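>>> have a look at this prediction, sequence included:
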Amino acid sequence: MDPATLLFSTSHEWLHLDGDQATIGITDFAVEHLTDLVFVDLPEPGRALAAGEIFGEVESVKAVSDLYAPVTGEVTEINTALPDDLDALSEDPFGRGWMIRMTVSDATAAESLLNEIAYRTHCNAAGH
């Protein structure tokens with residue numbers, strides 16, 4: 001996916017909305033700062049998530065980071081290949097590195113997300 005068409009959270013998740021369908025992953029910035037990924041934990045399909053709720057975690061040799069749902073809805077699919085192909089997160093975080101897909105029941109939280117330019121500015125301003 002083209003990052004210019006995505007929305008971003010300040011906690012480094014990205015969101016692609018297509019009607020009431022959402023695809024979610026983590027940004028290249030997050031992956032670069034975590035380095036050496038060793039584990040990812042994703043929710044089961046069918047799980048209801050509220051915007052801002054933790055839906056999983058990604059672990060590197062440096063840290064464990066929670067993953068946050070950027071919108072409210074139900075998980076319909078997870079990237080089952082990801083736990084065995086963590087390189088997808090560093091090689092193609094906006095493509096084959098996607099994490100979950102959801103049917104969105106409330107997208108109002110997306111209004112507070114950042115476009116790509118604002119997200120990159122946020123990362124630079126935060127001293128990252």
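That came through, no problem. Residues are numbered from 1 along each chain as shown.

>>> from here on, just use CA atoms for contacts and neighbour counts.
Noted.

>>> please report the distance of Arg96 from Ile78.
Arg96 sits 12 Å away from Ile78, going by C-alpha to C-alpha, to the nearest Å.

>>> same check on Asn124?
31 Å.

>>> looking at the two, which is more packed in?
Ile78 (18 against 10; other C-alpha atoms under 10 Å).

>>> and the pLDDT at the more buried one?
Note on Ile78: pLDDT of 98.

>>> and Ala126, by the same measure?
Among the per-residue scores, Ala126 holds a pLDDT of 71.

>>> His33 too?
86.

>>> secondary structure element for it?
Here His33, judged by DSSP states H and E, is contained in helix 28-34.

>>> just checking, what packs against that helix?
Counting contacts by 3 or more C-alpha pairs under 8 Å, 6 or more residues apart in numbering; DSSP states H and E, helix 28-34 packs against helix 87-91.

>>> what does the average pLDDT come to for the helix or strand that comes right after the helix it packs on?
In the C-terminal direction, the helix or strand that comes right after helix 87-91 (DSSP H and E) is strand 100-106. Averaged across strand 100-106, the pLDDT comes to 97.

>>> list the buried residues in strand 100-106.
Residues of strand 100-106 classed as buried: 100-104 (neighbour count, 16 or more other C-alpha atoms under 10 Å).

>>> make a markdown table out of those and add distance to Arg47.
Below are the buried residues of strand 100-106 laid out as a markdown table (distance: C-alpha to C-alpha, whole Å):
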| residue | distance to Arg47 |
| --- | --- |
| Ile100 | 11 |
| Arg101 | 11 |
| Met102 | 9 |
| Thr103 | 11 |
| Val104 | 12 |
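
>>> farthest pair within those?
Ile100 and Val104 (12.0 Å; C-alpha to C-alpha).

>>> re earlier: buried sites along the helix holding His33?
Neighbour-count burial for helix 28-34 [16+ other C-alpha under 10 Å]: 28, 30-31, 34.

>>> do the same with stretch 64-78
Of the residues in stretch 64-78, 67-78 count as buried by neighbour count, 16+ other C-alpha under 10 Å.

>>> which strands or helices does the one helix or strand Leu17 maps to pack on?
Element membership for Leu17 (DSSP H and E) is strand 13-18. In terms of contacts (3+ C-alpha pairs under 8 Å, 6+ apart), strand 13-18 is packed against strand 7-8, strand 21-26.
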